[in-house]
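Colleague: Whatever this is, show me its structure:
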Amino acid sequence: MNMITNNENKVALVSGANTGVGFQIAKALAENGYIVYVGSRDLQKGRAAVAEMGTSVKAIQLDITDNESIRTAVETIETEHGYLTLLVNNAAISHAGKSGRTMKEILNSQRASIVPIDELKTVWDTNVFGTLALTQASLPLLHKAPAARIVTVSSALGSLTINANPENPYRVHFDAVYGASKTALNGIFLSLAIELEKTNIKVHLVSPGFTATALNNFEGTDSVEEGSKEPIRVALAEDLPTGSFTGPVNFSRQGSLLPW
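Modeller: Predicted coordinates:
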C-alpha cells in the first residue's frame with residue numbers, strides 16, 4: 001500500500017455526525033481535507049447534514065447498536081478506500097426514558113437507587129457497548145493506515161476524580177446512567193490505548209464543553225460551535241500522546257488534561 005502523505009488521502013468515519021458535536025467535527029475534518037463518512041442512524045438525516053458540509057463528505061447509515069449496520073458501514077469504507085485513518089466515536093444518548101423532560105428531571109430519574117435497570121442497559125448499550133463494537137469492527141481498517149487514530153467523545157462528567165471532590169458543584173449530576181456510562185467508556189478506551197500503544201493506532205478521549213445539544217435537551221450553556229472546539233482540536237491533532245483524556249479548562253479554554 002502506498003504511504004499516505006497528504007490530507008486528501010485521509011479517511012475519517014464520525015458516528016452520530018448528522019447533528020450536534022458530531023456534525024461540527026465532521027465539517028471541520030472535511031474543511032481540513034479529510035474524506036469524511038457521516039454516520040447517521042437515519043440515512044435521510046445524514047444526507048441532509050452532508051448537503052450543508054460541501055465536498056468530500058458522504059452520508060452512511062450507521063446505528064452502533066446494530067451489528068449488521070456496523071458491518072455494512074465498515075465494508076463500504078473498505079470497498080471504497082481500503083483503510084481508515086480516523087474513527088471518531090461521537091454517537092451517544094443521555095437517557096432512555098420518556099422525552100420532553102428537563103435535564104434536571106432526567107438526571108433525578110437516573111440516580112443509582114431508583115433508575116430502572118432496563119433504561120440503564122439501553123443507554124450503556126449505545127454509549128459503551130455500541131461504541132466498542134464499532135471500534136472493534138473498524139480496527140482492521142485502522143491498522144491498514146500508516147498512522148491512525150481513534151478519538152472518542154467522552155465527558156468530564158465521567159471522571160471519578162472530579163466527582164469524588166466534594167468541592168465540585170456539578171458532582172450532584174453524576175448519575176448512574178449517562179455519567180457512569182462515560183466512566184465505563186473511559187475505562188474501556190484507556191484499556192484499548194494500552195493494548196495498542198506499540199501499534200500504528202493512537203487512542204484519545206475528549207470532553208466537549210457543556211454544549212447545548214439534544215443530549216441535554218439543549219440546556220447546555222455553550223453553543224454547539226463553542227462546545228465542539230476541543231473535540232475538533234483533538235480530532236485534527238496528530239501529535240497528542242496516546243491514552244490522553246482532555247477537555248476545556250473550566251469549560252472555557254482548550255486543552256487541559258482531565259483526571260480519570
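Colleague: pLDDT weak spots in this structure?
Modeller: 1-8, 210-222, 249-255 (pLDDT under 70).
Colleague: What distance do you get for the most centrally placed residue in the chain to P166?
Modeller: Geometric centre of the chain, nearest residue: N90, 2.2 Å, by C-alpha atoms, centre = their mean. Using C-beta to C-beta, to the nearest Å, N90 is found at 32 Å from P166. Any C-beta I mention is one placed from the backbone N, CA and C, and that applies to glycine too.
Colleague: do R111 as well
Modeller: According to C-beta to C-beta, R111 and P166 sit 18 Å apart.
Colleague: Mind checking which of these two has more residues around it?
Modeller: R111 (13 against 7; other C-beta atoms under 10 Å).
Colleague: The more buried one: what secondary structure?
Modeller: coil (DSSP: H, G, I helix; E, B strand; the rest coil).
Colleague: May I have the phi/psi pair for it?
Modeller: The phi/psi pair for R111 (degrees, to the nearest 10) reads phi -70, psi 150.
Colleague: contacting residues around it?
Modeller: D175, A176 (C-beta atoms under 8 Å, 6 or more residues apart in numbering).
Colleague: And it, how far from T161?
Modeller: If you go by C-beta to C-beta, the gap between R111 and T161 works out to 21 Å.
Colleague: for the stretch 101-250 of the chain, what spans make up the helices?
Modeller: Using DSSP state H, counting those that start in this stretch, the helices found in the stretch 101-250 of the chain span residues 103-109, 117-124, 131-143, 160-164, 178-196, 224-227, 229-236.
Colleague: between those, which one is nearest to L84?
Modeller: helix 131-143 (3.9 Å; C-beta to C-beta).
Colleague: buried sites along the closest one?
Modeller: The neighbour-count check on helix 131-143 (16 or more other C-beta atoms under 10 Å) flags T131, L132, A133, L134, T135, A137, S138, L139, L141, L142 as buried.
Colleague: All set, thanks.
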